[in-house]
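Asks: Predicted structure and sequence below. I'll ask about it afterward.
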Amino acid sequence: MHGFSKNCLEEYQDQNIMTTNRTFTMLKPDAVKKAYIGPILEQITASGFRIVAMKLTQLTTADAQEFYAIHKERPFYNDLVSYMTSGPIVAAILEKENAVEDFRTLIGATNPEDAAEGTIRKKFAASISENAVHGSDSNENAAIESAFHFSGREQF
Ligand code: ATP
Ligand code: MG
């Protein structure tokens with residue numbers, strides 16, 4: 001071990017899992033392909049979010065099916081899974097007071113045509129299906145989605 005007692009490590013991991021000031025995001029394959037990682041992260045950090053975990057990764061079909069399982073009866077589900085596995089994504093955990101709600105405001109409506117001026121989707125999304133960025137819709141889902149992508153040791 002690394003000089004940490006087991007209790008210490010568990011306490012640290014519990015703190016991460018208990019926090020409510022965090023949200024989970026993915027910069028989706030279209031945003032990564034168009035070299036929008038830099039400008040989107042710039043807008044996120046300039047808006048007061050601290051990056052507490054981040055990686056470039058690619059979802060497997062099983063990952064995407066599980067992540068979007070809530071939409072499995074929707075007509076766009078198969079296209080959504082194909083799209084989300086079509087290239088690398090950036091997965092990240094963000095920290096800010098009221099993170100979930102404030103991040104949803106920052107990204108804007110699902111359909112970029114309906115998104116407010118200045119929002120990330122308005123600026124960077126191509127369409128309702130290729131909409132540049134994901135944001136968790138509740139504290140509970142933020143915790144589930146964060147744990148899906150990152151171990152406790154990868155969260156700072
Ligand atoms: P996300 O969960 O990715 O942050 P969201 O919460 O704004 O997006 P959801 O309703 O959860 O929207 O839909 C998940 C994703 O499915 C959307 O981001 C989009 O990529 C895709 N999607 C949603 N509605 C449609 C639709 N009508 N046609 C095509 N794709 C859609
Ligand atoms: Mg959603």
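Replies: That came through, no problem. Ligands and ions are numbered 1, 2, ... in the order given.
Asks: The residue sitting nearest the centre point of the chain: what secondary structure?
Replies: Most central in the chain under C-alpha atoms, centre = their mean is Thr25, positioned 1.2 Å from the mean C-alpha point. Under DSSP: H, G, I helix; E, B strand; the rest coil, the three-state class of Thr25 is strand.
Asks: Run through the bridge partners of it.
Replies: Residues in a beta bridge with Thr25, per DSSP bridges, are Ala92, Gly135.
Asks: That one against Gly135, yeah?
Replies: Yes. Between Thr25 and Gly135 there is a contact at 5.6 Å, judged by C-beta atoms under 8 Å. To be clear about C-beta, it is placed using only N, CA and C from the backbone, and glycine gets the same treatment.
Asks: Mutual contacts of those two, please.
Replies: Counting by C-beta atoms under 8 Å, 6 or more residues apart in numbering, the common neighbours of Thr25 and Gly135 are Phe103.
Asks: Tell me, how many residues neighbour the nearest residue to His71 once chain neighbours are set aside?
Replies: In space, and not counting its chain neighbours, His71 is closest to Tyr77: 5.2 Å by C-beta to C-beta, 6 or more residues apart in numbering. For Tyr77, the neighbour count with other C-beta atoms under 10 Å is 16.
Asks: From Arg121, how far off is Tyr77?
Replies: As judged by C-beta to C-beta, to the nearest Å, Tyr77 and Arg121 stand 20 Å apart.
Asks: correct me, but the residue nearest to His71 touches Tyr68?
Replies: Yes. Counting by C-beta under 8 Å, Tyr77 touches Tyr68, with 6.9 Å between them.
Asks: first vs last residue of stretch 105-113, how far apart are they?
Replies: 15 Å (C-alpha to C-alpha, to the nearest Å).
Asks: buried stuff in it?
Replies: 106-109, 112 (16 or more other C-beta atoms under 10 Å).
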